[in-house]
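Trainee: Sequence first, then the predicted structure:
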Amino acid sequence: MNATVFTLTLRQFAGQRRSLLMFGLALIPVALAIIFRLGEHLDQQEETANFLANVVITLILPLACLIIGTSALGSEIEDGTAVYILAKPVPRREIIAAKFAASVLIAAAFVVPATVVSGLIGLQGVSEEGIVTGFAIATLVGVFAYTAVFILLSLATSRALLFGLAYVFIWEGLITELFSGTRFLSIRQYCLGIADFFATVSEQEFEATIGGPEAFILAAVAAAGALFLAVRRLESFELTNTD
Amino acid sequence: MKTASETQPAGSSPAVTIEAVNVSHWYGNVVAVNDVSFSLGPGITGLLGPNGAGKSTILHMAAGFLRPSKGTVRIAGEGAWQNHEMYASVGFVPEREAVYPFLTGYQFVLLNARLYGLSDPADATRRAIRAVAMEAAQERRLGGYSKGMKQRLKVAAAIVHDPQILLLDEPFNGTDPAQRLQMMDLLRRMADEGRTIVFSSHILDEVERLARNVLVIVAGRLVASGDFRAIRRLMTDRPHTFTVQSSNNRRLAVALVADESVFGVELGDEHLTVRTSQFADFTRAAPRIARAEGITLHELLPTDESLESVFSYLVKR
């Protein structure tokens, strides 16, 4: 990994509006958890698990990774500053590794604490039963997989944000719900499988369709595959604004 | 007309540092560069052509940022495409103004020095900033720089590793006259040290002041290359114009018009304007004719050897 690229990526993020957006995004589940706690609940564990699945895993996690992943290299490609990194004797895999590491660090720094805090608020007064631990690990794994895929997307198309949203809301939100056979191609399902693996609540309360070990392997394969392809794409990167 | 590929065959010289062999590039159905060949050695070469002629496309292929659709581009003997190691000896200044606005000038050049893997990046940064005379503004953020200041910092970032080859895409855009002169001096110094410098421009004056060697690109084709004064002399179908001053302009005019190489003489207040189709023949004939007439020649100057003359001729062809 190239430390200079890593540091530059962190500084880029700190100076952008995206940092405010991420902060706002991380506050959403915490605020919702507080509102959730104000109401009456029959089964606090089941409802918290479902809240974390439906709000954090389904919405906050992919959106946060989409914002960070597509901008890690995508914004530099768009504004032309990528050339200062690429016109250097630095292997492309080192650039991707640095961008990926910085993006994961940023996304995880917002999403994982948001998951833990909102989970603890939701479960206040009852035993945790591995729910917070499970969703925190699932979120972390999801950050790795989603970020890698969205970095690849930013190198594959100039409309990465649009395609990313389509993946999250149409593919994962609609198609994998309708056709269970496609769930092996959904990072959301991997995350739910991992959360379920660690949570000790009963199957009636929360059950994923992919087992924990399979979910870990699939998430690792998705992240590694996306990063491999991202390196290949970057090796063939072409400047397009020519006369 | 000869081109550089004829006058300097590709790959024939050990001094060749940039070589394009039958290079084409197209975007979809649009041909941006069409079968271009040239070889360049140390010194300054101006890549000249109207906007949209294909200059940046050629420069980007040389910089390894575009894959040639056909043909090959070699830098120091190695293919430029997918060759990140070549950047250890190549500097590239992009046309786009974008820089990292949150970095100071010093931090920006230092970032580049670190990415080049230099052993003492801080020292190299100070030297590069000094070379572009930006010491006074180096602690300011790039977001507050003028376009000309950004251009100079971009050059500093591209020369921080002391490259043997420097590629610059429209480097004088946005610079004021003083900045332009300063940058031209820097490029001349680098060329004098034996480096290969190629810059693109659509402004004739810039190219003429900095480079004798040109690659003229029109509609994606290399229409001429080499010393533009030599190219001018090869344009045999277009008359050359000389201004002549002598001890007796009127009598010299009569004598010159009788020579076969001359087909027009205009008598001005203080000089003659002579048109000839044969540059070399006329330069030999004029002193001989003057001597035979007992006239002293004070001045014999070719007046249309400018790059503008070459360029307008080539573009209209």
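Mentor: Perfect, I can see it now.
Trainee: residues in contact with the residue positioned nearest the centre of chain A?
Mentor: What sits nearest the mean C-alpha location of chain A, by CA atoms, centre = their mean, is A:Val143, with 3.4 Å. By CB atoms under 8 Å, 6 or more residues apart in numbering or on different chains, the contact set of A:Val143 is A:61, A:64-65, A:104, A:107-108, A:111-112. Backbone N, C-alpha and C define where each C-beta goes, glycine included.
Trainee: ok, and it, which helix or strand is that part of?
Mentor: Under the criterion of DSSP states H and E, A:Val143 resides in helix A:131-156.
Trainee: Tell me the buried residues in that helix?
Mentor: A:131-155 (16 or more other CB atoms under 10 Å in any protein chain shown).
Trainee: ok now it, how far from the chain's centre?
Mentor: 3 Å (CA atoms, centre = their mean, to the nearest Å).
Trainee: Which SSE is immediately downstream of it?
Mentor: helix A:160-165.
Trainee: Any chance you could list what contacts the helix or strand just after that following helix?
Mentor: Moving toward the C-terminus from helix A:160-165, the next helix or strand (DSSP H and E) is helix A:176-178. Helix A:176-178 is contacted from outside by A:182-183, A:185-186, A:188-189, using CB under 8 Å, 6+ apart.
Trainee: How about stretch A:160-175?
Mentor: Under CB under 8 Å, 6+ apart, the answer for stretch A:160-175 is A:58, A:62-63, A:66, A:69-70, A:74, A:149-150, A:153-154, A:157, A:182, A:185-189.
Trainee: Could you pull up the residues touching A:Gln12?
Mentor: A:75-76, B:100, B:102.
Trainee: so of the contacts of stretch A:160-175, which ones are in helices?
Mentor: Among these, the members falling in helices are A:62-63, A:66, A:69-70, A:74, A:149-150, A:153-154, A:187-189 (criterion: DSSP state H).
Trainee: Specify which member of the residues you listed is nearest to chain B.
Mentor: Closest approach to chain B among the ones in helices among the contacts of stretch A:160-175 (CB to the nearest CB): A:Gly74, at 13.8 Å.
Trainee: any idea which helix or strand comes after the helix or strand hosting B:Arg188?
Mentor: Here B:Arg188 sits within helix B:177-192, counting by DSSP H and E. Sequence-wise, the next helix or strand downstream of helix B:177-192 (DSSP H and E) is strand B:196-201.
Trainee: what about the chain, any weak spots by pLDDT?
Mentor: You didn't pick a chain, so chain A it is. A:201-208, A:241-243 (pLDDT under 70).
Trainee: The intended chain is chain B.
Mentor: Using pLDDT under 70, chain B drops low at B:1-14, B:16, B:232-237, B:304-312, B:315-317.
Trainee: how about the helices of it, start to end?
Mentor: Under DSSP H, chain B gives helices at B:4-7, B:55-62, B:105-115, B:121-131, B:147-159, B:177-192, B:204-210, B:228-234, B:249-257, B:279-293, B:307-316.
Trainee: how about JSON lines for these, with mean neighbour count added?
Mentor: As requested, those are exported to JSON lines (neighbours: other CB atoms under 10 Å in any protein chain shown):
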{"stretch": "helix B:4-7", "mean neighbour count": "16"}
{"stretch": "helix B:55-62", "mean neighbour count": "28"}
{"stretch": "helix B:105-115", "mean neighbour count": "25"}
{"stretch": "helix B:121-131", "mean neighbour count": "18"}
{"stretch": "helix B:147-159", "mean neighbour count": "23"}
{"stretch": "helix B:177-192", "mean neighbour count": "16"}
{"stretch": "helix B:204-210", "mean neighbour count": "20"}
{"stretch": "helix B:228-234", "mean neighbour count": "19"}
{"stretch": "helix B:249-257", "mean neighbour count": "17"}
{"stretch": "helix B:279-293", "mean neighbour count": "15"}
{"stretch": "helix B:307-316", "mean neighbour count": "18"}
